[in-house]
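Engineer: Have a look; sequence and predicted model below, questions after that.
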There are 2 protein chains.
Amino acid sequence: MTAYTPPVQDMQFVLHDVLKVSESPLPGHAELDREFTAAVLEAAGQLAAEVLAPLNAVGDREGCTLENGVVRTPTGFDGAFAAIRDGGWTALDCDPEYGGQGMPYLLGLATGEMFVSANMALNMYQGLTHGAYSAIHAHGTDAQKQTYLPRMVSCEWTGTMNLTEPHAGTDLGMLRTKAEPQEDGSYLITGQKIFISAGDHDLAENVIHLVLAKAPGGGEGTKGISLFIVPKFLVNADGSLGERNRVSVGNLEEKMGIHGNATCVMNYDGAKGWLLGDLHKGMRAMFTMMNEARMGVGLQGYACAVGAYQAAANYARERLQGRAVTGDANPKGPADPLIVHPDIRRSLMDQKSFLEGARMLAFWGAHLIDQAHNGDKAADGMISLLTPVIKGFLTDKGFDTTVLAQQVFGGHGYIEEQGMSQFVRDTRITMIYEGANGVQALDLVGRKLAADGGKPIMAFFEMVKDFCKENAGGPLAADFIEPLKAASKDLQAAGMFFMENGMKNPNAALAGSYDFMHLFGHVALGLMWGRMAVAAQAALDAGAADAGFYETKLATGRYYMARQLPMTATHLARIKSGADPVMALDAAQF
Amino acid sequence: MTAYTPPVQDMQFVLHDVLKVSESPLPGHAELDREFTAAVLEAAGQLAAEVLAPLNAVGDREGCTLENGVVRTPTGFDGAFAAIRDGGWTALDCDPEYGGQGMPYLLGLATGEMFVSANMALNMYQGLTHGAYSAIHAHGTDAQKQTYLPRMVSCEWTGTMNLTEPHAGTDLGMLRTKAEPQEDGSYLITGQKIFISAGDHDLAENVIHLVLAKAPGGGEGTKGISLFIVPKFLVNADGSLGERNRVSVGNLEEKMGIHGNATCVMNYDGAKGWLLGDLHKGMRAMFTMMNEARMGVGLQGYACAVGAYQAAANYARERLQGRAVTGDANPKGPADPLIVHPDIRRSLMDQKSFLEGARMLAFWGAHLIDQAHNGDKAADGMISLLTPVIKGFLTDKGFDTTVLAQQVFGGHGYIEEQGMSQFVRDTRITMIYEGANGVQALDLVGRKLAADGGKPIMAFFEMVKDFCKENAGGPLAADFIEPLKAASKDLQAAGMFFMENGMKNPNAALAGSYDFMHLFGHVALGLMWGRMAVAAQAALDAGAADAGFYETKLATGRYYMARQLPMTATHLARIKSGADPVMALDAAQF
């Protein structure tokens, strides 16, 4: 079993040294001074480390069970979920009008990282509820909000997203689930949905399903889709639970990982549902949920890897194997710890330098969301641009990080007992759900680059340029600014290639979309490391007490710039080779 | 469940168009004409596809069980193993003196690829036996050979390798298992070994363990190690089975994958064993097994991914989702097949171009082994150099390939039912066992580069240079020769960096060892693709009947050169950043 150490100091650094959140003019942010966030993060970290983490392996081993239509979660999940709920963690960034605490999304994301690192499968029950909460909050009628939100904020009731059908995953236009309007204004929903995370369970009194279905009179494809609220138990006028709705669990999927979360086949057999938002505008309402969900999945991608990295670093410090080539480091012991070996360092530094950059990017993204919620159009454009990068890049690299961490354990990493396999298996799903990463790349290149006349991408380049200008010639120029400039130039060259070739041949851009997403991710992390380096250097210059922390930060950043950022050249080379090598074969020739 | 299609045509291409094996002056190779190898490969392929592949998912689901000291393999494994044995497949490249068929190792490797693609866990029972056979064949006394080899050639008895102990994995010098000499010349072996693949099972009458242990009078560390033959059942003078030896299975490990293979904790409680090879020279004897085992694991790495790739290509052709951006490809259907999408192509081409290059490299490696066995010193030096590359690079990239293949399935790839998770979980072990890939990189940079005064690496560079010279200016110059030259230059620059910096600071070389292994792998695959391109072009120029096959080959090679080979630049940049970024932190700062 692996222990979990909440990275409170690093989060504090991001929040206060870099983002300077309490100086932000946003509502709620003034409260976020160092002492307050430290207290919140310490408390969340304690819950994560002491209550959630010990159940992570239990959840993996036991999984969920379906018996006589009832889904049971693994031993201890009910108590831990109650602890999350009772601590008010599910309500942290929700609207006070419905029982929330009105904190910024950023703070919710920070505590969420800890919960995911400790127990991703368990945290999904509240994560999905938050997504459903947001959709109802954004698109629901007052009555709907009053009926559902208070219990969802408290997670007395949990939520789900029902999109996928057996024949329709990414291509939602093909979905078949039907909604028949009734005289009382409700609809009867009929169809089958698959891969429904937290679809049913024994952790809450009610489950509020948000279901995409086709109501009569809509257009073909996605135009005919509406979104419906379909509760597991109907809710009486007084808020008490009424009769059981005609929705049931057909099956639990056997999955590679996240065994502690119930992934359900949901059967709707004329279940009662209510329209959420406008008729035939379901995709728009769904995207409210999806954008938040994609941020959340990007978070999962690196947060799960944080747990894996910590375990690997501990193992490397403790496991004695071989001798340092530069002389015994542990002469009295039978061998030196693994961590003396340069190749183990290479692995740990790849992990650490990615993860701290990823945290910075996710936190910045959350901060942009808070700004966007406050009406900041530029922030809205920027986070819209960054969302596929955060989802796609952080989950791909997060998964790679878990594999690196597992590898540090050698043969012991392959044995389930050690817990490293679970990190790999759990993290793997983040590359797939809420839009497989290829779809994120398509969203980035096919929609987000050109969005709003290209303003967001130009703003990103400006931001990098300004940052480089401000810090040119300073003590960070050689190690941080020059590499960032070079990487950004690669990204611009890739964008230019798309512009010059994508109009004549859209495949020329799409064949490079995945590499572009990664190229963008590296430049974004390069910028994040640049900002962190500036903040760390400022702290050192100001004579900060914990100089070791800031020096470590600079050294970790230098590693990223020197050894990870050069990937941009390879991605650019791949992009510039265009569509021909990619599209050369007939389908039969594969 | 996934189907398996034996890649007979591609293997024939490698054997005859590129390696031209039947023109080789090696013993047994003259027999390998097109018709003969086609017949062998067809037969092996049929067994793989019809008998082994259908049991792959069964093995994963059921796993092995240990009850009252008896290990049971999954349903059907006994019949399939008998079919392999009865078909003579285990004897293919073994010494005719002991019942083998005396075929080249190359042919054994080719059939082995098919068996691994179809069912890796099952094939391990014979694979490990072959390794133990080779060690006894190379180091055993005549009596030992007579006693053990005939039954091991036929796999009536299987073999194992016992190296690892709980506290000693890579660092074998620390092992504690003891061998006490007895008056009759035998030894009593006492100790615990872990991670013993095929350690016990119900597929054979006897299991012949090769066990590393320390006998009195040896030096410290690895110098005191000897290798022992420890049969599960003692063998009587007439060859019949005698009493049960004092070796037992302590436990079966629960692993991430290869569930169909019994990974055992083996307890030796004064078990009777016999010295194999020279006293205190066990490491040397073990390396006979290990080098073959490392080739075999490299084979597993890409062969398992072949199965995953085939499934992904089939799924991409069948699954209807979305529309081609360049116009509907399946206008009468509800959507186009996945394979129309450039990003799906990007994934499939990355898979295909790696796998065909990997096959070529593994086959060439096997051919070198045949040459080395025939006394060719240069071939021996070359395969010794290439072994860590084949093991490390092909397994890392093989694993990545299974992840790519799984991703093509979207959410369906995460569900165990589809079989894609198994490919990922099974392949993952190949990066770890027989020396974790970091150890391969260390072997490459720390030993193999300087071996024999650097002759093998110089010979490799000469080979690339000559190849480029021979084909300069021809029709393949731009797409194949120029990229290969550039990549080879990166490899030489990396070697130069090690030479210039590694003497002063060994960490400067070791910090780049992993990247060097990958850089080397890419250049090796670039050379393989160059050779395949020349062969394909020659076939086209000669008016070959199946022009489509050769054109596909050229297109696949062009993809590799344009989109995978550029990775060398990133690896070189990482290497040249040296040891400082890697070694900057104290152990406590991770």
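Structural biologist: That came in fine, so what should we check first?
Engineer: Any figure for the gap between the residue of chain A most remote from its centre and residue A:305?
Structural biologist: The outermost residue of chain A relative to its centre, with distances by Cα atoms, centre = their mean, is residue A:332 at 45.0 Å. Counting by Cβ to Cβ, to the nearest Å, the gap from residue A:332 to residue A:305 is 34 Å. Heads up, the C-betas are built off the backbone N, CA and C, glycines and all.
Engineer: just how off-centre is the longest helix seen in chain A within its chain?
Structural biologist: In chain A, with assignment by DSSP state H, the single longest helix is helix A:282-318. With Cα atoms, centre = their mean, to the nearest Å as the basis, helix A:282-318 stands 4 Å off its chain's centre.
Engineer: which other helices and strands contact that helix?
Structural biologist: When contacts are defined as 3 or more Cβ pairs under 8 Å, 6 or more residues apart in numbering or on different chains; DSSP states H and E, helix A:282-318 packs onto helix A:105-139, strand A:157-162, strand A:206-214, strand A:225-231, helix A:342-373, helix A:377-408, helix A:420-428.
Engineer: Just send those back as a markdown table, with mean neighbour count too.
Structural biologist: Output for those, formatted as a markdown table (neighbours: other Cβ atoms under 10 Å in any protein chain shown):
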| stretch | mean neighbour count |
| --- | --- |
| helix A:105-139 | 26 |
| strand A:157-162 | 27 |
| strand A:206-214 | 25 |
| strand A:225-231 | 26 |
| helix A:342-373 | 24 |
| helix A:377-408 | 25 |
| helix A:420-428 | 28 |
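Engineer: Include mean pLDDT and distance to chain B when you put these into CSV, please.
Structural biologist: Output for those, formatted as CSV (pLDDT from 0 to 100; distance: least, Cβ to the nearest Cβ, whole Å):
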stretch, mean pLDDT, distance to chain B
helix A:105-139, 97, 13
strand A:157-162, 97, 13
strand A:206-214, 97, 14
strand A:225-231, 97, 15
helix A:342-373, 97, 4
helix A:377-408, 98, 6
helix A:420-428, 98, 4
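Engineer: CSV for those, including distance to residue A:322?
Structural biologist: Listed next are these as CSV, based on distance: least, Cβ to Cβ, whole Å:
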stretch, distance to residue A:322
helix A:105-139, 30
strand A:157-162, 49
strand A:206-214, 52
strand A:225-231, 58
helix A:342-373, 10
helix A:377-408, 13
helix A:420-428, 20
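Engineer: burial of the closest residue to residue A:475 other than its chain neighbours, as a residue count?
Structural biologist: Once flanking residues are discounted, residue A:475 sits nearest to residue A:537: 6.3 Å by Cβ to Cβ, 6 or more residues apart in numbering or on different chains. If you count neighbours by other Cβ atoms under 10 Å in any protein chain shown, residue A:537 ends up with 20.
Engineer: Kindly indicate whether residue A:273 is helix, strand or coil.
Structural biologist: Using DSSP: H, G, I helix; E, B strand; the rest coil, the structure places residue A:273 in strand.
Engineer: List the contacts of it.
Structural biologist: Neighbouring residues of residue A:273 by Cβ atoms under 8 Å, 6 or more residues apart in numbering or on different chains: A:179, A:186, A:187, A:188, A:189, A:211, A:213, A:228, A:229, A:230.
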